[in-house]
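Student: The following block contains a protein sequence and its predicted model.
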Amino acid sequence: MTLEELQKLNPKYHINDVRDQSFQTYGKIIKEDINEAISYVLSSVRPPKSGNCYIPSVEALEKLPSIRLLSQKVYGYLDVMAGVVSGDNQVLNGIEYHQGSETIVAVTDFVLVVGHLWDMKDQTYDSSLCECFYVPKGVIVECYGTTLHYTPISVSDEGFMTICLLLKGTGDSLEERQGILKKKNKWFIAHKDNLEKVESGDYPGLKGKLIMIHHCDES
């Protein structure tokens, strides 16, 4: 689906191309030949038919020369893990951030909803401050550590797939939560309507209306 088609289906949201200058406070586009890694994921991963799946570290992916070059380019030889996020998602019902950049490779087209960490007040954030960006297949996005984000949003019935690079250890279990720090290097707040997350102990700090992006006419 093109950005123009997606915008017509979602007139209440302004969706920019991630390569637009308006993204520059959230991150930057990385130029690197990543087709090898995209081909690997397309041939070996199938998105779940419902819900989302995150595999933080895929050893075969991390050994690919293109992923090794990308991690060195972005993280300067720090220890990095490369995993796969896939699924079928239409809503932003939580938001998170990390110390250090998160690098996302678009294996398929998707929409990324982001915000600024400096707009978070007392562990709450208003969804009306978010911005939506269309990310075409093949684009590599480095999201800065000050960028709030969560699961990509699908733009087709086939769901979405991404490769995700983070500092190694991000998302590992803590002995106990510390406020909104739910896992190592993972600060997260849920929307109050995300009952599964709230009931499991996540703080309902994402205020305002749920952001929902449709990829088909539901009239």
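Tutor: Perfect, I can see it now.
Student: so residue 192 sits right up against residue 203, yeah?
Tutor: No. Assessed by CB atoms under 8 Å, residue 192 is found out of contact with residue 203, at 10.0 Å. Yep, even glycine has a C-beta here, placed from its N, CA and C like the rest.
Student: Averaged pLDDT, stretch 169-179. What do you get?
Tutor: Averaged over stretch 169-179, pLDDT sits at 95.
Student: Ignore what I typed, I meant stretch 103-112.
Tutor: In the prediction, stretch 103-112 has an average pLDDT of 98.
Student: Which parts of this protein are helices?
Tutor: Along the chain, counting by DSSP state H, helices occupy 3-9, 35-44, 59-62, 65-75, 195-199.
Student: which one of residue 192 and residue 203 has more residues nearby?
Tutor: The residue with more neighbours, out of residue 192 and residue 203, is residue 203; 17 against 13, by other CB atoms under 10 Å.
Student: in this protein, which helix or strand is least confident?
Tutor: strand 51-55 (a mean of 91; mean pLDDT, DSSP states H and E).
Student: I'd like to know which elements that strand is packed against.
Tutor: strand 80-88 (3 or more CB pairs under 8 Å, 6 or more residues apart in numbering; DSSP states H and E).
Student: just the angle between the strand it packs on and strand 51-55, please?
Tutor: 170 degrees (axes from the mean of the first three to the mean of the last three CA atoms, to 10 degrees).
Student: Any chance you could list what contacts strand 80-88?
Tutor: 41, 45-58, 61-62, 67, 71, 74, 107, 151-152, 154, 159-170 (CB atoms under 8 Å, 6 or more residues apart in numbering).
Student: Any quick PyMOL command for the buried ones out of these?
Tutor: Entered in PyMOL, the line below selects the buried ones among the contacts of strand 80-88, by 16 or more other CB atoms under 10 Å:
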select buried, resi 41+45+47+52+56+57+58+61+62+67+71+74+107+151+152+154+159+160+161+162+163+164+165+166+167+168+170
